[in-house]
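1. Turn this into a structure:
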Amino acid sequence: NMLVDVTKGVQYLNEIKDSVVAGFNWATKEGAISDENMRGIRFNVMDVVLHADAIHRGGGQIIPTARRVFYAAEMTAEPRFLEPVYLVEIQCPEHAMGGIYSVLNQRRGHVIGEEQRPGTPLYNIKAYLPVMESFGFTAVLRAATAGQAFPQSVFDHWQQFTGNPLEAGTKANQIALNIRKRKGLSAELPDLDRYMDKL
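-> This is a model prediction of the structure:
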């Protein structure tokens with residue numbers, strides 16, 4: 001995550017730098033949609049108008065304001081979820097490979113390589129499988145291959161989850177609402193109005 005200062009000739013900016021960075025760290029630690037960490041985000045500070053009186057530029061004023069600004073920027077920038085993905089290595093005989101492919105297709109997995117182990121009738125299949133789909137994967141795989149497939153999973157990377165979490169009815173939106181419910185947050189996603197300063 002990056003916070004980039006692209007302002008021109010703003011007075012007193014150095015005085016509030018630490019406070020803005022603290023607000024940035026707070027906002028990226030707890031994102032607006034579901035209080036989860038943000039990854040791979042860049043914020044540009046375009047312009048800052050500060051009070052001439054030093055009392056009104058303290059951390060108590062700047063940090064919550066900066067955090068609200070970052071949240072509003074996040075909500076207008078089409079945020080997406082990232083989901084963790086396992087690299088699954090499966091060993092199986094050749095006639096069991098059909099069952100493996102069908103199970104992976106049902107669970108949004110995709111095969112990235114298969115090779116025969118020299119001198120044995122076994123094949124090594126490598127595939128990516130979203131962690132969310134991996135619960136009960138071993139049991140289903142064994143059932144589909146009559147117990148002849150042996151999977152091993154290890155975390156590999158994060159990938160973008162398709163769908164807009166702000167759009168009602170999408171799978172991503174349902175995940176966001178479930179996370180909020182689990183964490184005891186308000187049931188609906190925050191509106192932009194929540195981050196407006198009201199006098």
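2. so N164 sits in a helix?
-> No. If the criterion is DSSP: H, G, I helix; E, B strand; the rest coil, then N164 is coil and not within a helix.
3. That one and Q174 touch, don't they?
-> No. Under the criterion of Cβ atoms under 8 Å, N164 is not in contact with Q174, lying 11.8 Å apart. For the C-beta atoms, the positions are set from N, CA and C on the backbone; glycine is no exception.
4. Which strand residues bridge the residue nearest in space to the middle of the chain?
-> The chain has L82 as the residue nearest its centroid, 2.8 Å off, counting by Cα atoms, centre = their mean. Beta-bridge partners of L82, counted by DSSP bridges, are Q160.
5. got it, and P151?
-> For P151, the beta-bridge partners under DSSP bridges are I90.
6. That one: how many residues sit nearby?
-> Using other Cβ atoms under 10 Å, P151 is surrounded by 21 other residues.
7. What separation is there between it and Q91?
-> 8 Å (Cβ to Cβ, to the nearest Å).
8. same check, this time on M46
-> Counting by Cβ to Cβ - M46 and Q91 are separated by 55 Å.
9. Would you mind telling me which of those two has the busier surroundings?
-> Q91 (16 against 11).
10. Which pLDDT value goes with the residue nearest to the centre of the chain?
-> At L82, the model reports a pLDDT of 90.
11. Does V111 touch A127 like I think?
-> Yes. The criterion here is Cβ under 8 Å, and V111 meets it with A127 at 4.6 Å.
12. With neighbour numbers in mind, choose between these two.
-> A127 (22 against 16).
13. Give me the phi and psi for the more buried one.
-> Main-chain dihedrals, A127, degrees, to the nearest 10: phi -150, psi 160.
14. Stretch 5-15: which residues count as buried?
-> Buried residues in stretch 5-15, counted by 16 or more other Cβ atoms under 10 Å: none are found.
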